[in-house]
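Trainee: Everything below, folded, please.
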Amino acid sequence: MAEVSNDTYDVIIAGAGPAGVAVAARLVQKGRAERILVLDRYHFPRDKPCGGALTGHMGPVLKELDLAVRVDHVACPDAVVRCGTFERRVVMGQTVDVIRRQDFDADLVAQAREAGVEVIEGEGLTSYETTSSGVIVHTSNKRELRAKVLVGADGAASRVRKQILNNAKETPHRLFVIELDVPAPEGLETSMVYDFGLMNRGLCGYVWLFPAPGNRLNVGLMHYPNAKKSLSGRELTALLAEGLRPYGVELPAKGVRGWPVWGYHPDAKISETRVLTVGDAAGIDGLTGEGIAVAMEQAVVAGDCIDAALHSEEFSFAKYRKKIRRATVGRELALDRWLARLLYGTGKWRDWLALVLLDEKVLEMYARRVDGTEVLADQKLRLYGALCRHSLVRGRRLRKLAEHMG
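Mentor: So this is what the prediction gives:
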């Protein structure tokens, strides 16, 4: 093998979070460890606002990538769905692990290094330019690095995404989160809580409470982008405080972090010649705001596309968007995008919330989607059946939902 200069690589990955490490892990499996560079502007462990639940197909994708959960976690065998006085506990088909992102991400970086990947911390991508022969990456350390392929795994604030989209204006989802040094409420020590009770107060989303390692509690909310219900950060923080009070949890005056994230869109541009995006840079789950498992599933597709491009020397990545869309992760994301628009993005949210909460089979189906034991996008006949049932009892369910919400 020809010697590689210290500033030239086959692949540069911007971002050493789960998405970036997963792409690197896939390329390691293809025998490319020595020609990969992963850059991250932060030093690990670093704080990362996130619910921390490893939902979906996380277990299988970690195994497929030869990665593992080696940090402390809370295994949650069930989820509690609430809305006012409504409550239902749904047993998961398999446990969902809740981790602390600073621990989990740092250990993924360690696993990448153990596999032979070069990871540089404290140096991030600031911009890039493509040429006929490759990509020139400009870094925060004033360096110019070169690669055949650039991967934008640099999160919700992705500079790669912005450059691909030519700084187009977008309307983001908004997440607000804080980890509290208090235990989970009694009876919820190993349960994930999803509370939709604030939708009648203007929240287009839900409040969560997840038990975290070290006897901590991870709490937050997701707000769907809805121009008719635009809420300020202060208003959303106040809603989070309001949503936690029924659980006996007080929100501190400081420490809540809010940040924008971009929902997945099957027609969005997520690549260009020699450049592609994964993870938050490519779009999260629009219904739940979940991104960790999504990122790692996308990374498998990305890694395979990159390896094929390096073999063929054809770097357009023209089929990447469709490959993501047709993969299980893309089909699930497309369905959740549609469901999110119905539940959060229309004035008929009561109709759809009544269906989700008061049809036991729908909640069970989505629980299987969350725990990764079922692909909801493959259950269209069952979803259609649920819609038919709902049309017959819609009025009764709406009245019952109104009673629960007060």
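Trainee: Can you get me a residue count around Asp107?
Mentor: 19 (other CB atoms under 10 Å). In short, each C-beta sits where N, CA and C put it, glycine included.
Trainee: Sorry, slip of the keys, the one I care about is Trp338.
Mentor: Trp338 has 13 nearby residues by other CB under 10 Å.
Trainee: Quick check: which helices or strands does the longest helix along the chain pack against?
Mentor: As assigned by DSSP state H, the longest helix anywhere in the chain is helix 380-405. Counting contacts by 3 or more CB pairs under 8 Å, 6 or more residues apart in numbering; DSSP states H and E, helix 380-405 packs against strand 74-83, helix 349-358, helix 360-371.
Trainee: out of those, nearest to Gly220?
Mentor: Nearest of the helices and strands packed on helix 380-405 to Gly220, taken as CB to CB: strand 74-83 at 15.2 Å.
Trainee: so where do the helices sit in this protein?
Mentor: So, for the chain - with DSSP H - the helices run 18-29, 58-64, 101-114, 159-164, 233-244, 292-312, 320-326, 328-344, 349-358, 360-371, 380-405.
Trainee: Mind putting these into a markdown table with distance to Arg82 and mean pLDDT?
Mentor: Formatted as a markdown table, the helices of the chain follow (distance: least, CB to CB, whole Å; pLDDT from 0 to 100):
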| stretch | distance to Arg82 | mean pLDDT |
| --- | --- | --- |
| helix 18-29 | 29 | 98 |
| helix 58-64 | 24 | 95 |
| helix 101-114 | 25 | 98 |
| helix 159-164 | 35 | 96 |
| helix 233-244 | 10 | 96 |
| helix 292-312 | 24 | 97 |
| helix 320-326 | 33 | 97 |
| helix 328-344 | 16 | 94 |
| helix 349-358 | 9 | 95 |
| helix 360-371 | 12 | 92 |
| helix 380-405 | 9 | 95 |
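Trainee: which residues touch Ile178?
Mentor: When contacts are counted by CB atoms under 8 Å, 6 or more residues apart in numbering, Ile178 touches 218-220, 251-252, 255-257.
Trainee: any low-confidence regions in the stretch 1-150 of the chain?
Mentor: Confidence mapping of the stretch 1-150 of the chain against pLDDT under 70 gives the ranges 1-6.
Trainee: And for the stretch 151-300 of the chain?
Mentor: Within the stretch 151-300 of the chain, the stretches with pLDDT under 70 are 227.
Trainee: how does it look with 90?
Mentor: 167-171, 225-230, 253, 259 (pLDDT under 90).
Trainee: So which residues of it form strands?
Mentor: Remark: strands assigned in the stretch 151-300 of the chain by DSSP state E, counting those that start in this stretch are 173-180, 191-195, 205-212, 216-223, 257-261, 271-272, 275-277.
Trainee: in its sheet, what does the third one sit against?
Mentor: It stands for strand 205-212. Here strand 205-212 is paired, per DSSP bridges, with strand 191-195 (antiparallel), strand 216-223 (antiparallel).
Trainee: So what touches stretch 244-260?
Mentor: The contact list for stretch 244-260 (CB under 8 Å, 6+ apart) reads 49, 156-157, 172-178, 180, 182, 185, 188, 193, 197, 207, 209, 217, 219, 233, 236-237, 240-241.
Trainee: thinking Gly15 is in contact with Leu150, fair?
Mentor: No - when contacts are counted by CB atoms under 8 Å, Gly15 is not listed as touching Leu150 (10.9 Å).
Trainee: still on that earlier bit, please identify the deepest-packed of the strands paired with strand 205-212.
Mentor: Among the strands paired with strand 205-212, strand 216-223 has the highest mean neighbour count (mean count of other CB atoms under 10 Å), at a mean of 25.
Trainee: Just the CA atoms of that strand, as CSV, please.
Mentor: Listed in CSV are the C-alpha atoms of strand 216-223, where the atom choice follows Å, rounded to 0.1, in the frame of the first residue of the first chain:
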residue,chain,number,x,y,z
ARG,A,216,-30.6,10.7,37.8
LEU,A,217,-33.6,11.8,35.8
ASN,A,218,-33.5,13.0,32.2
VAL,A,219,-36.4,15.3,31.4
GLY,A,220,-37.3,17.3,28.3
LEU,A,221,-39.9,18.2,25.7
MET,A,222,-40.2,18.2,21.9
HIS,A,223,-42.0,20.9,20.0
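Trainee: one step back: could I get the helices and strands packed on helix 380-405 as CSV with mean neighbour count and distance to Met296?
Mentor: Converted to CSV, the helices and strands packed on helix 380-405 look like this (neighbours: other CB atoms under 10 Å; distance: least, CB to CB, whole Å):
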stretch, mean neighbour count, distance to Met296
strand 74-83, 20, 19
helix 349-358, 20, 27
helix 360-371, 18, 16
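Trainee: and Ala309, which of those is closest to it?
Mentor: Taking the helices and strands packed on helix 380-405 one by one with CB to CB, helix 360-371 is closest: 31.8 Å.
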